[in-house]
Structure formats: structure tokens, C-alpha cells
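A.B. asks: Quick one, fold the following:
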Amino acid sequence: MTLACTVAGITFSNPILLASGTAGYGRELGGMMQLDRLGGLVTKAVSLAPRPGNRAPRVAEFRGGMLNSVGLANPGVDRVRRDELPWLAREIPALRVIVNVVGFTLTEYAEVIARLDDLDGHVAYELNLSCPNTSAGGVEFGADPDAIRAVVSSCRAATQRPIFVKMSPALPDIPALVEAARDAGADGASLVNTLPGMIYHGGKPRLGNGFGGISGPALLASGILAVSRVSARCPDFPLIGVGGVRTVADVQDYQRAGASLVAIGTAALADPRLPERIIDALPGHHHG
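C.D. replies: Residues are numbered from 1 along each chain as shown. Down below sits the predicted model:
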């Protein structure tokens, strides 16, 4: 028995990924973990223009996990193209890299992909559909089936690499929205993104932006439910389970629900060696 798996035509050495936003573009982790041990890494967001992000504080812990409001801060696609992806391809050539893409108009996602697609070193794209569509009054792309179809179809025309859509657990009918993405050419879905949340300290919001996204243990049950519901509606559609994973049992729960790959996020921030320990403890791992 082996941990290797093929998902959306890509072979991964094991099913454990690092979730977007927790690993930067890889080099930020330095020597804190052996990246080549992972099944793969999902980069932090890449947008068309550089984004400074939200005002501090951007992160706050609470009993259920973490609240973050980073604001999709990133150096922009041209810098990622010049520096970050070439570094990954050169330093960790065996690592399966999925690039997380954000956009704020219907065309921006595909423009980002078009600027990256001739590079080697990444195997797929993950579209963060929780971004606000600035041309439609700020409604998130993932809440609107027509916007999903427009974004995914334009991205499909820009690349032959697999495309995963990342959806919020706050959406009322995730299976129908994932179906819209699938029918427009998506190859899989990442379930789930963070949930909106807010906490106070000393009479004022803990985060500089006021509110943020809930991650960590509080997200586990929502993520597993979303995977289960989408898997029931789209039984052969590849799914990445993400949200609240801390243990082998959590990984197995996502797999039972229908996930082919499982991404670890917040728990790896607190304990960078955790993903490797989970890989070592998964049934089927051969100790060398």
C-alpha cells in the first residue's frame, strides 16, 4: 500500500498539502519543515497588482482557532513570476505546487494565469472565489453562479493545467455552485475557505479590519460537511478538504467525506512539523 495518489491527472506522493496562506511561497518557511516530504503546497494569494493588505492587527487567536484578516497581501503576479515560482522550481523541483489566484473583476483571474502559465514548477491553479467582485457591488464571485462560470471559463481558456475552485462554507448551496464551476471547466474544488467572524477585546474589535476569516478547529465540521455534500452531488469530482485539520483522524474524516487530498493550514503555523508527522502516521506510509 502506498500514499501516492493521482488527482486531476497529477500524481502526488501523499495526500497532504499545505493550505494557501500558511506557507507563503515556500521559501518563507526556511528550514522549519521539509517541503519535499509534502504531497504539495498551495501558495499564498497571487493578484494582478501588488496588495499591501489590511491594517494591523491582522491575526487574533480565540478559543475555536484563529481569526485572520490579511487582506490577500502579496507582491503581485510580476514579482511572483520573477522571483517566487522560479525559486520553488529550482530549490524543490519535486514539490507539487498549486498557485492560489485572486481577482477583483471577471477578467483578472485569467490575466494572472496568463502571466504565469509558461513557467515550469507549478502543476495547477486554485481560484479563490471568496474575493469581492468590484464590478458587481462587492458580491463575492463564489456566491454567483454566472460569475463563477465567467471566471472559470476565462481561466480554462488561459491554461491546460488543472483548475480548482476554493469556496466559502458560508454559501447556501455549495454543491450547486461547485457544479457551475465544473460545468465551466474546473477540474476540482477546495473546500472550504474561511468563515466570516469577529471578536472583541477591551470593547473594540481585535482585528484592525474589524472582522476576518475563521480558521482552525472551529472550521473542521463545516469543511467536512461541505466535502460530503459536494461529493454526494458530484461523486467523481476531485476535492481538496481544508479547514481545521490537526490529526490523522481529521484527515481520515475528510477522506471519508470524499476528499482526495487534504490541506493543513492553521495547525501548521503553530507547529510546522505537524504535516510531516501526520504523513508518517497515515496508514500505508513506509518508514525508510
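A.B. asks: residue boundaries of the helices in the chain?
C.D. replies: Applying DSSP state H to the chain gives helices spanning 77-79, 85-91, 108-116, 145-158, 174-183, 220-233, 248-257, 266-270, 274-281.
A.B. asks: Can you add mean neighbour count and give those back as a markdown table?
C.D. replies: (C-beta placed from N, C-alpha, C; glycine too.) Shown next, in a markdown table, are the helices of the chain (neighbours: other Cβ atoms under 10 Å):
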| stretch | mean neighbour count |
| --- | --- |
| helix 77-79 | 16 |
| helix 85-91 | 16 |
| helix 108-116 | 22 |
| helix 145-158 | 20 |
| helix 174-183 | 20 |
| helix 220-233 | 20 |
| helix 248-257 | 18 |
| helix 266-270 | 21 |
| helix 274-281 | 18 |
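A.B. asks: Please list the residues outside the longest strand seen in the chain that contact it.
C.D. replies: For the chain, the strand with the greatest residue count under DSSP state E is strand 40-46. Strand 40-46 has contacts (Cβ atoms under 8 Å, 6 or more residues apart in numbering) with 12, 17-21, 23-26, 35, 51, 72-74, 76-77, 80, 84, 88, 95-102, 112, 116, 122-123, 126, 128, 190, 261, 263.
A.B. asks: Please flag which of those sit within strands.
C.D. replies: Among these, the ones falling in strands (DSSP E) are 12, 17-18, 97-101, 126, 128, 190, 261, 263.
A.B. asks: Max pairwise distance over these: which two?
C.D. replies: Within these, Phe12 and Asn128 form the most distant pair, 20.8 Å apart (Cβ to Cβ).
A.B. asks: Looking at the two, which is more packed in?
C.D. replies: Asn128 (25 against 19; other Cβ atoms under 10 Å).
A.B. asks: For the more buried one, name its beta-bridge partners.
C.D. replies: Lys166 (DSSP bridges).
A.B. asks: Could you double-check that it sits in contact with Met167?
C.D. replies: No. Using Cβ atoms under 8 Å, Asn128 is not in contact with Met167; the gap is 9.4 Å.
A.B. asks: Spell out which residues are contacts of both of those two.
C.D. replies: Asn193.
A.B. asks: about what we covered before: ok, the ones in strands among the contacts of strand 40-46 vs Gly203, which is closest?
C.D. replies: Closest to Gly203, out of all of those and judged by Cβ to Cβ, is Asn128, at 32.6 Å.
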